[in-house]
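S.K.: sequence plus the predicted model coming up.
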Amino acid sequence: SSRLHLPSAWPPPPRAMMVSRGSLLLLQLCIYASSALAFGMTVPSLRPRHVQPCSISAANMVADAGDGPIRAFLVRHGAVDLTQPGMTFPKDCMYGGHNVPLSDLGKLEAQAAAEFLKDEDIDLIFCSPLDRAKYGADRVAENRGLTPFQDDGFREVNRGRWLGLTREQIKEKYPGDMESFEADPSWCGHGGETYTQLFDRVLAARDRALAMAREKGAKTICIVSHMWVTKSMITDVQGIKPTEQDKWSELLVGTASISQINYPRKAGEGTPEVVYVGTKPEVPPQNAAEKSGSTWGG
């Protein structure tokens, strides 16, 4: 039977070119070594000095990569704007879980926080469903190809009938509320949450986030939420109970500040560690000029 003979392809494909050049380089090295030995010269080692011999298999390397802690960056939302049309909230009021918008300053703060984390290899992002937290999560997610997971467990504390009121107004309108709330950790006559209820809700959401991170092999996660939510996660690691509000008040978690906790790779093994609390990236002065917003939040 006859066969169709095709001419060899030219130029050769890139892979063939690479093999040919490699063979040529090897031949040149052999000639160099032979000449050097003939003249009594010392032939330098071809192994890079900074490379150490390694007997670890590729499978072991993958396993070792998953043994480190899960790094969790906790980001608080930026400053809010209580002056937009339809808003009648005074400054330093209780707005808690209400969906108040970010101010111009708050948006700049959120962008600064995202810039602070730009070199971190973040695998998963979680956030509160409130707009001010979602904005911060989106800033962290952009250019990473990630979509933040919203969890209602990361929502800010529910303030009940105190919503939109300052402490002074609460004492005037609802005498005894503040005293009862501070004296009895289980009191929630205001129709909102106790700090213990908040604490339990937040930790349940955190556990869901960690479970997903462990399932997906994520090394670094980011949780964008709120002041009291962030304090709940930090005090849990520090062994401070939600009834110890005097100690909670010592934690400074400013708007758009970043805290870091390292959690054990495997649930139930090892001890979580607080790395730092409330690091606040600076907003460039030229951007922050003439911007304003409420930074208290609660």
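M.R.: All right, it came through fine. Residues are numbered from 1 along each chain as shown.

S.K.: flag the shaky bits of the chain, pLDDT-wise.
M.R.: The chain contains residues with pLDDT under 70 at 1-66, 286-298.

S.K.: what sits against the residue nearest in space to the middle of it?
M.R.: Within the chain, one residue has its C-alpha closest to the average C-alpha position: by C-alpha atoms, centre = their mean, that is C222, at 2.0 Å. When the contact criterion is C-beta atoms under 8 Å, 6 or more residues apart in numbering, the partners of C222 are 72-75, 117, 120, 122, 124-126, 137, 140. From N, CA and C alone the C-beta is placed, and that goes for glycine too.

S.K.: so it lies in a strand, does it not?
M.R.: Yes. Per DSSP: H, G, I helix; E, B strand; the rest coil, C222 lies within a strand segment.

S.K.: and it, how far from G153?
M.R.: Distance, C222 to G153, using C-beta to C-beta, to the nearest Å: 16 Å.

S.K.: could you do E273 as well?
M.R.: 22 Å.

S.K.: quick one: which of these two has more around it?
M.R.: Between E273 and G153, counted using other C-beta atoms under 10 Å, G153 has the larger neighbour count: 21 against 12.

S.K.: so the more buried one makes contact with R208?
M.R.: Yes. Using C-beta atoms under 8 Å, G153 is in contact with R208, at 7.1 Å.

S.K.: so where do the helices sit in the stretch 51-200 of the chain?
M.R.: In the stretch 51-200 of the chain, the segments counted as helices under DSSP state H, counting those that start in this stretch are 58-65, 104-116, 131-141, 167-173, 177-183, 195-216.

S.K.: can I get the longest one in CSV, CA atoms only?
M.R.: What it means is helix 195-216. Extracted as CSV, the C-alpha positions of helix 195-216 are listed here (Å, rounded to 0.1, in the frame of the first residue of the first chain):
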residue,chain,number,x,y,z
TYR,A,195,-24.1,41.2,74.3
THR,A,196,-24.2,37.5,75.1
GLN,A,197,-26.7,37.0,72.3
LEU,A,198,-24.6,39.0,70.0
PHE,A,199,-21.5,37.1,71.1
ASP,A,200,-23.1,33.7,70.4
ARG,A,201,-24.5,34.8,67.0
VAL,A,202,-21.1,36.1,65.9
LEU,A,203,-19.2,33.1,66.9
ALA,A,204,-21.6,30.8,65.1
ALA,A,205,-21.0,32.9,61.9
ARG,A,206,-17.3,32.8,62.5
ASP,A,207,-17.4,29.0,62.9
ARG,A,208,-19.2,28.7,59.6
ALA,A,209,-16.5,30.8,57.9
LEU,A,210,-13.7,28.7,59.4
ALA,A,211,-15.5,25.5,58.4
MET,A,212,-15.6,26.7,54.8
ALA,A,213,-12.0,27.8,54.9
ARG,A,214,-11.0,24.4,56.2
GLU,A,215,-13.1,22.6,53.6
LYS,A,216,-11.6,24.6,50.8
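
S.K.: for that helix, buried residues please.
M.R.: Neighbour-count burial for helix 195-216 flags 195, 197-199, 201-202, 205-206, 209-210, 213-214 (criterion: 16 or more other C-beta atoms under 10 Å).

S.K.: again, but for the second one
M.R.: Within helix 104-116, the residues that qualify as buried are 104-114, 116, counting by 16+ other C-beta under 10 Å.

S.K.: relative to R132, which of these is nearest.
M.R.: Distance ranking of the buried residues of helix 104-116 against R132, using C-beta to C-beta, places G106 first at 6.8 Å.

S.K.: leaving out chain neighbours, which residue sits closest to that closest one?
M.R.: Sequence neighbours aside, G78 is the residue nearest to G106 in space, at 3.0 Å (criterion: C-beta to C-beta, 6 or more residues apart in numbering).
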